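Undergrad: Just to be clear, the model below is a prediction. Sequence and coordinates:
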Amino acid sequence: MSRSKTVQILLSVKNGGDYLRIFLESLKRQSYSDFSVLARDDGSADRSEELLARYDFIRRHPSSGEALGVVKSYGLLLRDAPPGYLMFADQDDIWLPDKIAVAMKRIRETEETCKISTPLLLHSDLHVCDSSGERLADSLMQYQRLSPQRSTLSELIIQNHITGCTMIINEALRKIIRFPFPEAAICHDWYLALLASATGRVIFMNDCRIEYRKHNNNVFGPQQYSLGACLRMLKQGRNKLKHRLRLTQQQAAAFLQQYGDLLSGSDIELLTAWGEIDRQSKSGKIACCRKYHFRKNTWLRTLGMWWAL
């Protein structure tokens, strides 16, 4: 398998406005120049598609303009991207000038040590900023009290800590992605993390090369972790928390159905256990979590999960 030096950046936009323009300008300042962007507009009501057309390094997907939703939109971009390394972008972030260069250096070094045929997903931390660009936190991982080392399949099926706009994947992972993404896929980055964890490696790059904007229009906006935030979540009620867990169970079942032939026996067993956990008694559910190491990133989140099951 040959190693291309070209990076394809996948970008789905919707009503990007000024945030999109600022992001695209940050791409122009990248020190690594061997990249192009495959983009699609997901049914914007503003002039996002017109803005995409102004940049010569952007190729628009044939379906651009059709509203599909974020998961299906990135699914189409993944399906039709050319071979090689793939990165993912959000319309409202700012990439620091060496973001692509650092990601490429790390993934090529990793391929040297663990074989080029190993499916790889590398991701990193982010700086958290408000809508004006004022920094709120130097680390998203610390802001949300996340543990990036927790990347086993049993941990990732419960809680995702991998942000799509920090990811780079290699051709070995791209080649085994199957389409379309199922309806139960919660988000493209989470679903790809499951695949990388089950068939290859998920690796955390301990640096920040992106300013992640937190604002009212984020599709999945970060919330700062605190005891108060946990208590507010509990106040939403057990049924709402249980619904969120059920979505992860449905995603696990869909993943097993789509990729079962690529999985080990132990991974099939734990995916089945999580997908069918509602069939058990309360004590049986907790015993199942302990047996398969189903847990969230903090003990308080894990206790909340046990309460909601």
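TA: Arrived safely.
Undergrad: Which neighbouring elements make contact with the longest helix seen in the chain?
TA: Ranked by number of residues, the top helix in the chain under DSSP state H is helix 238-259. Counting contacts by 3 or more C-beta pairs under 8 Å, 6 or more residues apart in numbering; DSSP states H and E, helix 238-259 packs against helix 188-199, helix 265-275, helix 299-308. For every residue, glycine as well, the C-beta is placed using N, CA and C.
Undergrad: Go through the ones you listed and pick out the most buried.
TA: Counting by mean count of other C-beta atoms under 10 Å, helix 188-199 has the highest mean neighbour count of those, with a mean of 23.
Undergrad: what separates that one from the chain centre, distance-wise?
TA: Distance, stretch centre to chain centre, for helix 188-199: 8 Å (C-alpha atoms, centre = their mean, to the nearest Å).
Undergrad: now the following helix or strand past that helix and helix 188-199, what's the angle there?
TA: Beyond helix 188-199 in the direction of the C-terminus, DSSP states H and E gives the next helix or strand as strand 201-213. On the basis of axes from the mean of the first three to the mean of the last three C-alpha atoms, to 10 degrees, strand 201-213 is oriented at 160 degrees to helix 188-199.
Undergrad: and strand 201-213, C-alpha only, in PDB?
TA: The C-alpha coordinates for strand 201-213 follow below in PDB (Å, rounded to 0.1, in the frame of the first residue of the first chain):
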ATOM      1  CA  ARG A 201      -5.800   1.700  16.700                       C
ATOM      2  CA  VAL A 202      -7.200   5.000  18.100                       C
ATOM      3  CA  ILE A 203      -4.300   7.300  19.100                       C
ATOM      4  CA  PHE A 204      -4.400  10.600  21.000                       C
ATOM      5  CA  MET A 205      -2.000  13.400  20.000                       C
ATOM      6  CA  ASN A 206      -1.400  15.400  23.100                       C
ATOM      7  CA  ASP A 207      -1.400  18.900  21.600                       C
ATOM      8  CA  CYS A 208      -3.900  21.500  20.400                       C
ATOM      9  CA  ARG A 209      -3.800  22.900  16.900                       C
ATOM     10  CA  ILE A 210      -7.400  24.100  16.600                       C
ATOM     11  CA  GLU A 211      -9.500  26.900  18.200                       C
ATOM     12  CA  TYR A 212     -12.900  25.300  18.800                       C
ATOM     13  CA  ARG A 213     -15.700  27.900  18.900                       C
END
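Undergrad: Name the helix or strand of the chain that has the lowest mean pLDDT.
TA: Taking mean pLDDT, DSSP states H and E as the measure, the helices and strands of the chain show their lowest mean at helix 227-235, namely a mean of 70.
Undergrad: Name the nearest residue to the residue nearest in space to the middle of the chain, ignoring sequence neighbours.
TA: Nearest to the mean C-alpha position of the chain, by C-alpha atoms, centre = their mean, lies residue 189 at 2.4 Å. Once flanking residues are discounted, residue 189 sits nearest to residue 164: 3.5 Å by C-beta to C-beta, 6 or more residues apart in numbering.
Undergrad: For the one you found, give me its contacts.
TA: With C-beta atoms under 8 Å, 6 or more residues apart in numbering as the criterion, the residues that contact residue 164 are 74, 88, 90, 187, 188, 189.
Undergrad: State the distance from the closest residue to residue 89 other than its chain neighbours to residue 36.
TA: In this structure, residue 89 finds its nearest non-sequential neighbour in residue 11, 4.4 Å apart by C-beta to C-beta, 6+ apart. Using C-beta to C-beta, to the nearest Å, residue 11 is found at 11 Å from residue 36.
Undergrad: Next, show the common contact partners of these two.
TA: residue 58.
Undergrad: That's all I had, so thanks and see you.
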